[in-house]
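Undergrad: Got a sequence here, can you model it:
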Amino acid sequence: RQYTPLVQALRQEGMRERHWEQLTEVLGFELKPDDKFTLRMGLEEYKLQEQMEPIVKICDVAGKEFGIEQALNKMEGEWKGTRLNSSHI
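TA: Predicted coordinates for the structure are as follows:
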């Protein structure tokens, strides 16, 4: 349970390349989980629990950016094809 925030952060859907690069910079080693990456590996080999705060912070920002991106995409889709008449301005 104590590692739940870390697990949730690393599984953040909005993680992009730039966020993994930020984590690499903060942690001092490359962190880019793949199919072979496990929580045990993250805790035992990389000691991610010792850097939980910056990891969670970066991943949280990624999630918020993803939410904004999704909202903008939705708005763009809703407004696509809509013509605004500016002759009254």
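Undergrad: ranges for the helices of the protein?
TA: 4-10, 17-27, 39-44, 52-79 (DSSP state H).
Undergrad: which stretch among those helices comes nearest S86?
TA: Of all the helices of the chain, helix 52-79 sits nearest to S86, with 14.9 Å by CB to CB. Where you see a C-beta, it was placed from the backbone N, CA and C, and this is true even at glycine.
Undergrad: Show me the shaky parts of the protein.
TA: Across the chain, the ranges flagged by pLDDT under 70 are 88-89.
Undergrad: go again using 80 as the cut-off
TA: The model of the chain has pLDDT under 80 over residues 84-89.
Undergrad: Please identify the nearest residue in space to E69, excluding sequence neighbours.
TA: Distances taken as CB to CB, 6 or more residues apart in numbering place G14 nearest to E69, at 7.5 Å, with adjacent residues excluded.
Undergrad: could you redo the helices of the chain as CSV and give each row mean neighbour count and distance to P33?
TA: What follows is the helices of the chain, written out as CSV (neighbours: other CB atoms under 10 Å; distance: least, CB to CB, whole Å):
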stretch, mean neighbour count, distance to P33
helix 4-10, 15, 6
helix 17-27, 15, 9
helix 39-44, 13, 8
helix 52-79, 13, 11
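Undergrad: Distance to S87 added to those, as CSV?
TA: Below are the helices of the chain laid out as CSV (distance: least, CB to CB, whole Å):
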stretch, distance to S87
helix 4-10, 51
helix 17-27, 42
helix 39-44, 60
helix 52-79, 19
